[in-house]
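1. below: sequence and its predicted model.
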Amino acid sequence: MRRISTFFAALLLLAATLPGVAHAAALSTRTHLFYYPWYGNSGGAYRHWDQGGHTPPADIGANFYPSLGPYDSGDFSGAVEQHMRWIEQSGAGVIVYSWWGQGSYEDGLAAGVLEAAARHGIKVAWHLEPYSGRTASSTVADIGYLTSRYGSSPAFYREGGRGAFYVFESLRITDWTALDQVRSSAIVLAQTTDTSKVAHFGGMYTYDAIAGATAPGWRDASAYCDANGLVWAPSVGPGYNDDRAVPGNTTPTLGRDNGATYDREWQNALSSNADWVSVTSFNEWHEGSIIEPARSSPPSSAYETFAGAYGTSGTASETAYLDRTRYWASQLGGPPPASVNLAFGKAVSASGSQGGFPPGNAVDGNAGSYWESTNNAFPQTLTVDLGSAVTVGRVVLKLPPSWGTRTQTISVNGGASAGYVFDPAGGDSVTITVPPTSQRYLKLTFTGNTGWPAGQVSEVEAYAS
């Protein structure tokens, strides 16, 4: 028996050294890295590396020089595989893939990146870029396309059964009503902190690495997201410098300050009660916001290095920002965002309903509509299919605003029945804490109502904690 135990111990030690085996379990799905697959290097023809009139390979449109040199984003076994190993090292569990429309260069590489990510336990969300002709309706179509084409990949990121889609420069479009069509299947984030510009969205993010240093509007945006069941995903970055990529630009430079800038932005994000932290960026080389390793001995003195970051020097400095990201990701943790309503838009059924008050009213996000059971026929049940097994620790039930006070006797998933007082002074809302369990179905059983001879609820919301 001792020999067998030793053998298995050796296997476990070996597994701990293999990429994607021991490390994947520790990755934070609340830490998202913006990832750019737009680079090309094929037959001496370069894509993106020549931005700003530069001539690769020694001369590129970036203020730092990649450790891999000017790589090809379609080199799945080389550059992309190395990227995934580095992302594992960073502790981040999700990349946000820059996507420029159906049939674009980036769309053509997505399957290969998803395959590489899956090998390392990394998930892929989507950064919907402002391609020519983008509209709210085309964005809805794009979400459907991405989900249909790539949704079967084990790397396709879902939170509470919904994919995640960041919309860059969302303020270019003023009417996003069309997003209501995908709210049950997608968490769509607007790039803004202006809470008046996020109707129909499922969350907010900022992207701007420069703004992250002072975090303007973050506290108000976070409070709004928390109060309205939206995801708050502020963006942090190590610095910003696009001088070589955009000659003559007037954009301010944000120095890295040997890592102090990155730390300050992470602290701003955590103090704002972020659900997710989005990092700008893993590899946006043109803007100098990268955490991807930069060569410590670049081809010329025209390039900066990471030397000095967190007290490192030489080749050790190349991965300094990956290692620091792992530290901050561990501070953020990995449980599902507390502000995501896992029941929103999900399939729902009931033991009985009054005409005009169907079960779907209880998960449609409209506090004015409601479900009502058959009269004088307790007990009555309302069951929400959460789509997959997810952890639920808190259930919020609401009645329409301004209804009179009433007490309903309810049990959750077969637990003990209790009387819950719905009071206009308390927002006609009750919160029920349940033992955190992983479950697909949320079943409410109504056995009494002092205000009406039927079970009633306008909104059923379920949260991880």
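-> Yep, it's here.

2. what does the helix or strand hosting Val421 rub up against?
-> Per DSSP states H and E: Val421 is located in strand 418-422. For strand 418-422, the external contacting residues (C-beta atoms under 8 Å, 6 or more residues apart in numbering) are 397, 399, 403, 405-411, 428-430, 432, 448, 451. For the C-beta atoms, the positions are set from N, CA and C on the backbone; glycine is no exception.

3. ok now that strand, how far from the chain's centre?
-> In terms of C-alpha atoms, centre = their mean, to the nearest Å, the centre of strand 418-422 is set 35 Å apart from its chain centre.

4. CA atoms of that strand as CSV?
-> C-alpha atoms of strand 418-422 as CSV (Å, rounded to 0.1, in the frame of the first residue of the first chain):
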residue,chain,number,x,y,z
ALA,A,418,-42.6,31.3,7.2
GLY,A,419,-44.8,34.4,7.0
TYR,A,420,-43.1,37.2,5.0
VAL,A,421,-44.5,40.8,5.4
PHE,A,422,-44.6,42.8,2.2
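
5. now the element after it, going C-ward?
-> On the C-terminal side of strand 418-422, the nearest following helix or strand under DSSP H and E is strand 429-449.

6. show me what that following strand is packed up against.
-> In terms of contacts (3 or more C-beta pairs under 8 Å, 6 or more residues apart in numbering; DSSP states H and E), strand 429-449 is packed against strand 380-398, strand 406-412, strand 418-422, strand 459-463.

7. quick one: the residue nearest to Glu287 when sequence neighbours are not counted from Phe378, how far?
-> What sits nearest to Glu287 in space, not counting adjacent residues and going by C-beta to C-beta, 6 or more residues apart in numbering, is Asp242, at 4.7 Å. Applying C-beta to C-beta, to the nearest Å, the value for Asp242 to Phe378 is 65 Å.

8. of the two, who's got more company?
-> Comparing Asp242 with Phe378 by other C-beta atoms under 10 Å, the one with more neighbours is Asp242, at 21 against 16.

9. list the contacts of the more buried one.
-> Asp242 sits next to 63, 249, 251, 286-288 when contact means C-beta under 8 Å, 6+ apart.

10. checking my notes, it in a helix, right?
-> No. Assignment of Asp242 by DSSP: H, G, I helix; E, B strand; the rest coil gives coil, placing it outside any helix.

11. and it, how far from Glu169?
-> Distance from Asp242 to Glu169, by C-beta to C-beta: 17 Å.

12. equivalent analysis for Leu68, please.
-> Taking C-beta to C-beta, one finds Leu68 at 29 Å from Glu169.

13. pick out whichever of these two has more residues nearby.
-> Higher neighbour count among Leu68 and Glu169: Leu68, with 19 against 14, using other C-beta under 10 Å.

14. is the more buried one in a helix, a strand, or coil?
-> coil.

15. what's near enough to touch it?
-> By C-beta under 8 Å, 6+ apart, the residues touching Leu68 are 79, 82, 293.
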